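Undergrad: here's a sequence, model it:
(one chain, ligands or ions: 1)
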Amino acid sequence: MKSDELSAIIRKRRSVRVYKSGKVTEKQLNSILEAGRWAPSGANTQPWELVITRDRAKMRRVRQIYDNEWKRRKAEDPVHYKGLKKDYVGDVSILVLVLGDPRTMRVYLTTRQPGDREKLFQASIANAVEHMMLAAASMGLGTVWVSVREEVEPELRELFRVPQPLRLLWIVPIGHARNWPKAKPRRKIAAFTHREIYDSKKLRRDAEIRAWPKE
Ligand SMILES: Cc1cc2nc3c(=O)[nH]c(=O)nc-3n(C[C@H](O)[C@H](O)[C@H](O)COP(=O)(O)O)c2cc1C
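TA: Predicted structure coming up:
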């Protein structure tokens, strides 16, 4: 593969939140998992575990769990709560639950601080997620990185029988996009790069740090 092909896939990937029917084949799934398998990880611990489901009834239950949480939060603060509904977890070809085994943090021999261990653990798993998303995008399949908040975690753990001490971190739907979304704005390279020393003129003002920036 030429390097511009990888670049094209990276630029093509989007968070897909509306899916149409259509199966992700086992062959496609296997390529996606293979991409996750090759992700770099701290001390090569490979701390990820994946629960994969095609079961529609389970997906509907996942959607209900997220929906209930959305309703609770909205009821608490009807004016300010801006959380988006996560209907996309309920109607897609495949759901992948991304788990992490925190015991792998014990084997980072030279790392003593808990925060540093957590950093290695989280970054390693995130790499596997991103690898899988890029592999999916290369096949024209949509994915989205779905957060598992503490409020929904217990019910999801029960549904998928996730044992202790594993952590349930993310959900990744994989399916056929209804429409391929437009690109979200990205910061310019010059805005976040600094040559030789940090350029303080580029340090963003507090007001510039926000969700869903327009540019
Ligand atoms: C750590 C992480 C958590 C995210 N959580 C969610 C989520 O819970 N729900 C969602 O719809 N998108 C989620 N996203 C997707 C981001 O909103 C998305 O990547 C960003 O807006 C850029 O859009 P793009 O992925 O289409 O380029 C998450 C992304 C990351 C990296």
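Undergrad: please identify the buried residues of the top helix by length along the chain?
TA: Ranked by residue count and defined by DSSP state H, the top helix of the chain is helix 114-138. Judged by neighbour count (16 or more other CB atoms under 10 Å), helix 114-138 contains these buried residues: 117, 120-121, 124-138. The way it works is simple: take the backbone N, C-alpha and C, and place the C-beta from them, glycine included.
Undergrad: what sits against the nearest residue to Ala136 once chain neighbours are set aside?
TA: Nearest-residue entry for Ala136: Thr143, 4.8 Å, with adjacent residues in sequence omitted and distances by CB to CB, 6 or more residues apart in numbering. Thr143 sits next to Arg13, Ser15, Val16, Met132, Met133, Ala136, Ala137, Val172, Pro173, Ile174 when contact means CB atoms under 8 Å, 6 or more residues apart in numbering.
Undergrad: same question, Arg60
TA: So Arg60 contacts Gly90 (CB under 8 Å, 6+ apart).
Undergrad: assign it to helix, strand or coil.
TA: helix (DSSP: H, G, I helix; E, B strand; the rest coil).
Undergrad: mind checking how far it is from Arg161?
TA: 18 Å (CB to CB, to the nearest Å).
Undergrad: so how many other residues sit close to the residue nearest to Asp116 when sequence neighbours are not counted?
TA: Take Asp116 and drop its neighbours on the chain: the residue closest to it by CB to CB, 6+ apart is Tyr108, 7.6 Å away. By the criterion of other CB atoms under 10 Å, Tyr108 has 16 neighbours.
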